[in-house]
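Undergrad: what follows is a protein structure lacking sequence information:
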Ligand SMILES: Nc1ncnc2c1ncn2[C@@H]1O[C@H](COP(=O)(O)OP(=O)(O)OP(=O)(O)O)[C@@H](O)[C@H]1O
Ligand SMILES: [Mg+2]
């Protein structure tokens, strides 16, 4: 059964970047195929992975709504939705990507959502690792799969406000009643030594600090040039610290 690694944290704290770095690590370790799931409605994980996407789970749901009265002969609604789910999966070497897209507008989508959720749960089981990028509080994700999360990584910037926000987001996630096995904090764009006041706030939070990622000029450079973060060199500082974090976390 696959291990699910998911990101949470407020806007701009580095969730998508960490997703790409985690995927880069798993792929190079041969821990593949990996399923990347973009559950952030403003979806930009594909860019960091260098993949092109034109369809999402949202598109599949809409296609179903337009076609459901008019399905090809012999095809059930369920088979049609399953086919759509496989159609939107972007496949590449050792890495597939599924984009959730925007949440649905007003209307009754329960039937389609229930079927899609069941098939998404099944799909996830085919991969040794699933890496999920999320909007801050993971509400979108929790509606789309019943699958629990093995490792939930909370991202924060290097500020007391950032750490306190992680506490609040953690409470919101608890209310979703997702099953989460292990939770960690990751501080992105952190300096070499942490200020004792900052470390004190981290202790109050009660989440284990998995690691800190330094400001890495290569990340900005790759982003500017539209190069996928999967191609970052081994000696990039961010790549190196993420490798250490992953070894500690998945023990692999
Ligand atoms: N360690 C780092 N060094 C340099 N740049 C970084 C680093 N981490 C993140 N960035 C840059 O900061 C910006 C925000 O990061 P990212 O997109 O990963 O955050 P996010 O949490 O996914 O944001 P959103 O909530 O908007 O999806 C990006 O432009 C990214 O390239
Ligand atoms: Mg993002």
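TA: Arrived safely. Source: prediction; values computed, not measured. Ligands and ions are numbered 1, 2, ... in the order given.

Undergrad: which parts of the chain sit against ligand 1?
TA: 9, 11-17, 40, 188-189, 213, 215-216, 219-220, 223, 238 (Cβ under 6 Å from any ligand atom). Bear in mind the C-beta positions are built from the backbone N, C-alpha and C, glycine included.

Undergrad: please repeat the previous calculation with a cut-off of 5 Å.
TA: 11-17, 188-189, 213, 215-216, 219-220, 223 (Cβ under 5 Å from any ligand atom).

Undergrad: among these, which lie within strands?
TA: 188, 213 (DSSP state E).

Undergrad: ok, then the element right after the helix or strand of the chain with the lowest mean pLDDT?
TA: Least confident element among the helices and strands of the chain, by mean pLDDT, DSSP states H and E: helix 139-144 (a mean of 76). Once the chain leaves helix 139-144, the next helix or strand it forms, by DSSP states H and E, is strand 149-156.

Undergrad: note down every partner strand of that following strand and its orientation.
TA: Strands that pair with strand 149-156, judged by DSSP bridges, come out as strand 3-8 (parallel), strand 180-188 (parallel).

Undergrad: ok, residues contacting the last one?
TA: This points to strand 180-188. 13-14, 17-18, 148-158, 162-163, 166, 170, 173, 194, 202, 205, 207-213, 245, 249 (Cβ atoms under 8 Å, 6 or more residues apart in numbering).

Undergrad: so how do I select the buried members of those in ChimeraX?
TA: To isolate the buried members of the contacts of strand 180-188 in ChimeraX, using 16 or more other Cβ atoms under 10 Å:
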select :13,14,17,18,149,150,151,152,153,154,155,156,157,158,162,163,166,170,173,194,202,205,207,209,210,211,212,213,245,249
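
Undergrad: ok, longest helix in the chain?
TA: Counting by DSSP state H, the longest helix found in the chain is helix 160-176.

Undergrad: which elements pack onto it?
TA: Judged by 3 or more Cβ pairs under 8 Å, 6 or more residues apart in numbering; DSSP states H and E, helix 160-176 is in contact with strand 3-8, helix 139-144, strand 149-156, strand 180-188, helix 196-205.

Undergrad: reformat the ones you listed as TSV; add distance to residue 119.
TA: Shown next, in TSV, are the helices and strands packed on helix 160-176 (distance: least, Cβ to Cβ, whole Å):
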stretch	distance to residue 119
strand 3-8	16
helix 139-144	11
strand 149-156	19
strand 180-188	23
helix 196-205	37
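
Undergrad: rank those by mean pLDDT and give me the bottom one.
TA: Note on these: lowest mean pLDDT is at helix 139-144, with a mean of 76.

Undergrad: is any part of it close to ligand 2?
TA: No: counting by Cβ under 5 Å from the ion, ligand 2 is not contacted by helix 139-144; separation bottoms out at 12.5 Å.
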